[in-house]
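S.K.: Got a predicted model here, sequence first, then my questions.
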Amino acid sequence: MNLEQAKKILGEEFSRDADFLSSIVQKLGLPINSKVLDVGTGRAHMAMILALNGYKVMTGQPGDVYWADWRVSAKKVGVEEMITFKPFNAEKLPFNEDSFDAIFLYTTFHHIDNKEYAFNELMRVLKYKGILTIIELTDNGVELVRERYRGHPDAVDPRDYSKNLDLEVEVIESRHLNGYLYKKRLKHKK
């Protein structure tokens, strides 16, 4: 199934950001056999975009957090088998060092309590020369979300939490979302 078909099946909530998310995935040009982690499953929009682009994805969030039954949507678009769910916390990832070629957080980072600690954990499990992609709401995006969820947290800029790390970052801006593409330049320091 292609992205346009998935957008028709899953509707406006998925479709709103689907083109932006897919364009970032395609821009990265990851080999199809890349080990990919999606942190903060939520409704699994990021995991489904990755799967629709041909990637097998490990996704997760804390076990006590329930957003939606993402499996129903993944099944509707034929990608359920491409996605593996494991409960975990971004501040204490249950993976070995250098486990993933690419890590994605889609509107997740602002929900993490200890962002600096989570950043270090993400770097620990990211392979040398791997890519960390953090997609966060802009102020305009937060206002749009607050139309449905009044108490939604403010927007954050992940660069405020990565200043002490040896990372290159490229920012891709849009009206409602910004993508922060981090490239790991050095091996993780214990």
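M.R.: Sure thing, it's come through. All values derive from a computational prediction rather than experimental measurement.

S.K.: So for the helix-or-strand element of the chain with minimal mean pLDDT, what gets flagged as buried?
M.R.: Lowest on mean pLDDT, DSSP states H and E among the helices and strands of the chain sits helix 139-146, with a mean of 89. Buried positions in helix 139-146, judged by neighbour count with 16 or more other Cβ atoms under 10 Å: Gly141, Val142, Val145. Heads up, the C-betas are built off the backbone N, CA and C, glycines and all.

S.K.: any chance of these in a markdown table, plus distance to Met82?
M.R.: As requested, the buried residues of helix 139-146 are exported to a markdown table (distance: Cβ to Cβ, whole Å):
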| residue | distance to Met82 |
| --- | --- |
| Gly141 | 27 |
| Val142 | 30 |
| Val145 | 27 |
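
S.K.: helices and strands around the longest strand seen in the chain, which ones?
M.R.: Longest strand in the chain, counting residues (DSSP state E): strand 126-137. On a contact count with 3 or more Cβ pairs under 8 Å, 6 or more residues apart in numbering; DSSP states H and E, strand 126-137 meets helix 12-28, strand 100-106, strand 177-184.

S.K.: And that strand, what's buried?
M.R.: So for strand 126-137, counting by 16+ other Cβ under 10 Å, buried means Leu126, Lys127, Gly130, Ile131, Leu132, Thr133, Ile134, Ile135, Glu136, Leu137.

S.K.: where's Pro153 relative to Tyr161, distance?
M.R.: 14 Å (Cβ to Cβ, to the nearest Å).

S.K.: Which one's more surrounded, those two?
M.R.: Higher neighbour count among Pro153 and Tyr161: Tyr161, with 19 against 12, using other Cβ atoms under 10 Å.
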